[in-house]
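>>> output the structure for:
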Amino acid sequence: MTAVTLAGAEADPRRRLKVLASQEALLAIAVIGLAVAVGLYNPRFLAARNLSDVLLGNAYIAVAAVGMSMVIVSGNIDISVGALIGVLATISGTLAVNGAPIVIAWLAALVAGVLVMALQGVIIAYLRIPAIVVTLGMLSILKGGLISVTGGKWITDLPDSFHLADIELSGVLPFPVFLMILVTVLAALWMRYSASGRAIYAVGGNAEAARLCGISQPRTIVMVFALHGLFAGAAALLYATQLRVIQSTVPPNLELTIITASVVGGVSILGGVGTVAGSTLAAVLIAEIASALVFIDVSPYWIRAVQGVLILVTVIADILRRRRMAGA
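Predicted coordinates:
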């Protein structure tokens, strides 16, 4: 490989890193700017209780978006995550109500999440079936199975010790917010500085080049999906413990919200580019927009349209950016 080629290969990741950093900065500015604008229109929006509800009620989405970002960066997609979170929440809640040790109830959601997602990763990686097809099939299995087994009945009488979302660290920091921050920071550092984390970018950016460098695409994909399952399990625990009951149904459009957070956060739908920090900021922004609609007297149902616009704008911007970088 020539010196010119090496220089170009080194410059391209650096250029992409600068672009992603600018996107994260824009998201942070958008979060702050929206809060100020809506607060000027309706000061109640800036009430501590409302801002706390925005973070606490959506921390599980940010945690799930971390795993989704890894999956999309690897060049894949998962549309079964919403159904899986519903199933894992039900499994954990059922164990807790039936007298299982609370730690076992929590661990069950994490282990089951890893197993289900790892299975999908194996099918995608080794049978070479497109991720959209595999996860669509799993979505139907999980949705249908959940309704068939539970009959749609809610889980009630959960023990007080089950509610992770009620824990406050040092009496100040709610556990869901702490977990959201911790997961984001650790995942960001791992993806940026570890060999296995950088392998995700390599596989998603150019699978053939990654193979020639000695990176196993199948093993990387299985690893990514297993990690995605772990984060989905953690998200399910936050979702299950934020209320006193667990709805034995799949949260509506949850997978769309999670994918939107990842894509708006700067993860390229084409793979190979993105950060988990951006997806977390985007998850907060989407939750903030949903809350803002209520305070400016706009129907909250418009949030779905807003999500659709955000996805289209972000994907179009990403494609135009790629073309500009390729022509540079």
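>>> contacts and neighbour counts: CA atoms only from here.
Noted.
>>> Ala112 and Ile123, how far apart?
17 Å (CA to CA, to the nearest Å).
>>> among those two, which residue is more densely surrounded?
Just comparing Ala112 and Ile123: by other CA atoms under 10 Å the higher neighbour count belongs to Ala112, 20 against 17.
>>> buried sites along the strand or helix carrying that one?
Secondary-structure assignment from DSSP states H and E places Ala112 in helix 102-126. By 16 or more other CA atoms under 10 Å, the buried positions in helix 102-126 come out as 102, 105-106, 108-110, 112-118, 120-125.
>>> show me what contacts the residue nearest to the spatial centre of the chain?
For the chain, Ala65 is the residue whose C-alpha lies nearest the centre (CA atoms, centre = their mean; 0.8 Å). Ala65 sits next to 258-259, 261-262, 276, 279-280, 283 when contact means CA atoms under 8 Å, 6 or more residues apart in numbering.
>>> switch to 6 Å and redo it
Counting by CA atoms under 6 Å, 6 or more residues apart in numbering, Ala65 makes contact with 258, 262.
>>> how much space separates it from Ser170?
27 Å.
>>> next SSE downstream of the least confident helix or strand in the chain by mean pLDDT?
Among the helices and strands of the chain, helix 3-41 carries the lowest confidence by mean pLDDT, DSSP states H and E, at a mean of 69. Moving toward the C-terminus from helix 3-41, the next helix or strand (DSSP H and E) is helix 48-56.
>>> now that following helix, how far from the centre of its chain.
20 Å (CA atoms, centre = their mean, to the nearest Å).
>>> just the mean pLDDT for that helix, thanks.
Mean pLDDT, helix 48-56: 89.
>>> put the alpha carbons of that helix into PDB.
Output of helix 48-56 as PDB, limited to C-alpha atoms (Å, rounded to 0.1, in the frame of the first residue of the first chain):
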ATOM      1  CA  ALA A  48     -38.000  20.100  37.500                       C
ATOM      2  CA  ARG A  49     -40.700  17.400  37.600                       C
ATOM      3  CA  ASN A  50     -41.300  17.600  33.900                       C
ATOM      4  CA  LEU A  51     -37.700  17.500  32.900                       C
ATOM      5  CA  SER A  52     -37.200  14.600  35.300                       C
ATOM      6  CA  ASP A  53     -40.100  12.800  33.700                       C
ATOM      7  CA  VAL A  54     -38.600  13.300  30.300                       C
ATOM      8  CA  LEU A  55     -35.300  11.700  31.300                       C
ATOM      9  CA  LEU A  56     -36.700   9.000  33.600                       C
END
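>>> list the buried ones in it?
Using 16+ other CA under 10 Å as the test for burial, helix 48-56 gives 51, 54-56.
>>> can you check stretch 294-312 too?
Result for stretch 294-312 [16+ other CA under 10 Å]: buried residues 295, 303, 307, 310-311.
>>> return the closest of those with respect to Tyr41.
Phe295 (8.4 Å; CA to CA).
>>> give me the pLDDT for that closest one.
pLDDT, read off for Phe295, is 92.
>>> for Ala305, see how far away it is.
18 Å.
>>> quick one: buried residues of the helix or strand following the helix holding Ala112?
For helix 102-126, the succeeding helix or strand toward the C-terminus, using DSSP H and E, is helix 131-150. Burial within helix 131-150, assessed by neighbour count using 16+ other CA under 10 Å, is assigned to 131, 134-135, 138-139, 142-143, 146.
>>> many thanks, have a good one.
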